[in-house]
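S.K.: got a predicted model here, sequence first, then my questions.
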Amino acid sequence: MAVTVRTLQQRKQNGEKFSVLTAYDACFSRLISEAGVDVMLVGDSLGMVLQGHDSTLPVTTEQLAYHTSAVARGNQGSLIMADMPFMSGATVDRALTAAHTLMQAGANLVKLEGAGWLAETISVLKRNGVPVCAHLGLTPQSVNTLGGYRVQGREKTEAEQLIEDARLLEQAGADILLLECVPRDVSAQLCQSVQVPVIGIGAGPECDGQVLVMHDMLGITPGKPARFVRNFASEGHDIRASFAAYDKAVKDGSFPASEHCF
Ligand code: KIV
């Protein structure tokens, strides 16, 4: 049966973990969804892993829509989440236009980077039939204001703000939250403070779901991997088996382990 936003909410209620991987084309979409991965994220990470940019900022709505439609054609029942590009949350009108394009391309929900200030945008998207995932913590589209790709929420006031933002966005109608590079204890507290499922990347095993960039977990991203990455292909698996091993490790709670946490 196809995975829906409701499936993920039920998983959280039952204390069951779910898996998320990025996907950008029909071929990998088929392999990832056949491996049982619950959600495929058409992430703006494609600007880095596919296009060779050093950030996600150059990626456009049209490019994300192109990749979303390819992923939708290969999909075998996973939920498809499409990223909203840099500056698309700057006004409600821009957000509506981008979400319209991405949903018509085949997305089941959209993901927006930001914080509490996204509340109004999220409630308008919801009113228009667009489920939303709010991406908090390290938001790579803000790399220039954050001063690099750094762990967020280490200071007590920052951690409290993150949790307050999470509650506010849930009240505004966010269906899912995604938390990137946040200390494990802060993330655990945040997950308990909201009813909606929380997907983590570098945010510890207490999150309800886990996401990795496909190229990272296959060990083909150039350079030193981030602390939160586990290379599933180096464990003797081929590509199909790597996706299945990732799905299993997320669902049985063995990934992420303490060495992947902050
Ligand atoms: O664009 C992306 O792939 C992402 C993940 C890293 C969460 O936002």
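M.R.: Yep, it's here.

S.K.: any figure for the gap between the closest residue to Glu235 other than its chain neighbours and Phe255?
M.R.: Nearest in space to Glu235, with sequence neighbours left out and distances taken as C-beta to C-beta, 6 or more residues apart in numbering, is Ala245 at 6.6 Å. The C-beta positions use only the backbone N, C-alpha and C, and glycine is treated the same way. Look at Ala245 and Phe255: by C-beta to C-beta, to the nearest Å, they are 9 Å apart.

S.K.: where along the chain do the helices fall?
M.R.: Secondary structure of the chain by DSSP state H: the helices cover 5-14, 26-34, 46-49, 61-74, 92-105, 119-127, 143-146, 156-172, 184-193, 214-217, 239-251.

S.K.: ok, now which ones touch the closest residue to the ligand within the chain?
M.R.: Closest contact between the chain and the ligand, by C-beta to the nearest ligand atom, is at Gly43 (2.3 Å). With contact taken as C-beta atoms under 8 Å, 6 or more residues apart in numbering, Gly43 is in contact with Thr22, Tyr24, Thr56, Asp83, Lys111, Val213.

S.K.: those: which ones sit near the ligand?
M.R.: Among the contacts of Gly43, the ones lying near the ligand by C-beta under 6 Å from any ligand atom are Thr22, Asp83, Val213.

S.K.: reformat those residues as CSV; add distance to Val196.
M.R.: Converted to CSV, those look like this (distance: C-beta to C-beta, whole Å):
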residue, distance to Val196
Thr22, 21
Asp83, 18
Val213, 23
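
S.K.: okay if I get those residues as CSV plus neighbour count?
M.R.: Formatted as CSV, these follow (neighbours: other C-beta atoms under 10 Å):
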residue, neighbour count
Thr22, 26
Asp83, 30
Val213, 20
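
S.K.: and which of the contacts of Gly43 is nearest to Cys181?
M.R.: Val213 (13.1 Å; C-beta to C-beta).

S.K.: please tell me how far that closest one sits from Glu180.
M.R.: Taking C-beta to C-beta, one finds Val213 at 11 Å from Glu180.

S.K.: thanks a lot, catch you later.
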